[in-house]
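Colleague: turn this into a model:
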Amino acid sequence: MDMSTEYMGLKLGNPIVPSSSPLSHTVDSIRRLEDAGAAAVVMYSLFEEQITLDSYYLDYYLSYGVDSFAESLSYFPEMQGYRIGPDDYLDLLQSAKATVDIPILCSLNGVSAGGWIDYASLIEEAGADAIELNVYYTPTDLYLPSAEVESLYIEILRDVRRTVSIPVAMKLSPYFSSTAYMARKLAEAGADALVCFNRFYQPDIDLETLEVVPHLVLSDSDELRLPLRWVAILYGRVPVDFAITSGIHTSEDALKALMAGAKVAMMASELLQNGVHRIADILTEMREWLEEREYESLGQMIGSLSQKHAAEPAAFERANYMKMLASYRHIRGQGSGAGGQ
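Modeller: Coordinates of the predicted model:
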């Protein structure tokens with residue numbers, strides 16, 4: 001069984017890719033992911049705040065005392081000669097590339113171009129095979145129109161795209177008013193892939209301390225449905241590769257993602273909960289499923305149940321909503337009848 005796939009021009013042995021998570025914080029953990037069967041790894045995110053904070057501190061210490069000793073800055077080389085940012089990230093990337101054979105994708109997380117541009121270039125120089133842009137942004141300004149929010153994503157992508165030659169993926173939010181339009185605009189701006197979807201972690205309220213607190217909830221398979229629907233709708237219509245990154249926990253989840261049109265199925269929560277050995281289990285189960293149905297390669301099934309190839313394309317749109325409501329009423333009616341007997 002040929003389990004290979006191609007994602008952003010990267011030839012992968014299989015479609016299972018661990019997404020950005022604490023599992024990639026060390027070279028040893030990245031090597032364990034490779035040994036378990038991962039075809040590639042998305043490194044944990046480098047946050048814009050980390051780059052900005054490092055820049056602030058370096059600027060502070062270089063400028064300290066300048067008012068008293070105007071010549072003090074002359075002791076230092078020009079600022080453009082400095083590699084501003086968390087160098088540990090670059091060191092880990094270089095060490096990982098020297099240790100494992102699978103592609104390493106780096107994740108940049110932020111909301112403005114800023115230091116992203118220079119750092120994207122440094123990441124490319126350090127050996128990254130691709131970059132995933134994770135624009136984690138919740139617009140709360142009452143006077144900020146949606147068009148400007150969309151423009152923010154597009155401009156960040158364009159700026160990074162102009163800076164690097166390696167593939168660039170954009171991790172999408174599910175909350176755009178027109179997801180299909182945004183997918184097309186990002187493709188036109190140079191995205192090699194779209195990753196569906198970003199999980200926005202919501203705060204909670206602690207009733208004991210009366211404080212707003214972070215509350216991390218790992219995904220489950222039910223979360224697959226939203227990215228599954230949109231990848232199936234966009235596959236074959238927008239000229240990019242797709243990755244699904246929410247709700248992949250089982251071999252069935254991964255198979256569904258590929259049938260919808262994804263080139264890779266990204267997972268983190270399942271590996272955090274049950275261990276990296278789950279990659280091998282899932283690949284074995286996928287291979288058995290494909291062999292039982294006499295597939296010759298994984299590529300045969302990619303996009304096979306997208307809207308483009310579905311026998312009932314409307315099932316991905318409003319008609320499905322009406323059918324679900326009708327089926328629920330039917331089930332309720334059967335339940336009531338059984339209870340009355």
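
Colleague: list the buried residues of stretch 137-144.
Modeller: Buried residues in stretch 137-144, counting neighbours by 16 or more other C-beta atoms under 10 Å, are found at Tyr137. No exception for glycine: its C-beta is placed from N, CA and C like everyone else's.

Colleague: kindly check the end-to-end length of it for me.
Modeller: For stretch 137-144, the first-to-last residue distance is 13 Å (C-alpha to C-alpha, to the nearest Å).

Colleague: what mean pLDDT does it have?
Modeller: Mean pLDDT, stretch 137-144: 84.

Colleague: can you give me the offset of that stretch from its chain's centre?
Modeller: Put simply, stretch 137-144 sits 23 Å off its chain's centre (C-alpha atoms, centre = their mean, to the nearest Å).

Colleague: who's in contact with that stretch?
Modeller: The contact list for stretch 137-144, computed with C-beta atoms under 8 Å, 6 or more residues apart in numbering, reads Val111, Val149, Leu152, Ser173, Phe200.

Colleague: same check on stretch 166-176?
Modeller: Residues from elsewhere that reach stretch 166-176 (C-beta under 8 Å, 6+ apart): 8-10, 105, 107, 124, 128-135, 137, 150, 153, 157, 160-161, 179, 182-183, 186, 190-198, 200, 226-227, 230, 241, 243, 245.

Colleague: right, and the helix or strand after the helix or strand bottoming out on mean pLDDT in the chain?
Modeller: Ranked by mean pLDDT, DSSP states H and E, the helix or strand of the chain with the weakest confidence is helix 48-63, at a mean of 43. Note on helix 48-63: by DSSP states H and E, the next helix or strand toward the C-terminus is helix 87-99.

Colleague: list the helices and strands that next one packs on?
Modeller: helix 27-36, strand 41-47, strand 104-110, helix 116-125 (3 or more C-beta pairs under 8 Å, 6 or more residues apart in numbering; DSSP states H and E).

Colleague: mind giving me the PyMOL command for buried ones among the contacts of stretch 166-176?
Modeller: Burial among the contacts of stretch 166-176 is assessed by 16+ other C-beta under 10 Å; the matching PyMOL selection reads:
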select buried, resi 8+10+105+107+124+128+129+130+131+132+133+134+135+137+150+153+157+160+161+179+182+183+186+190+191+192+193+194+195+196+197+198+227+230+241+243+245
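
Colleague: ok so, going back, can you list the contacts of stretch 137-144 in JSON lines and add distance to Leu207?
Modeller: Below are the contacts of stretch 137-144 laid out as JSON lines (distance: C-beta to C-beta, whole Å):
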{"residue": "Val111", "distance to Leu207": "31"}
{"residue": "Val149", "distance to Leu207": "33"}
{"residue": "Leu152", "distance to Leu207": "36"}
{"residue": "Ser173", "distance to Leu207": "30"}
{"residue": "Phe200", "distance to Leu207": "23"}
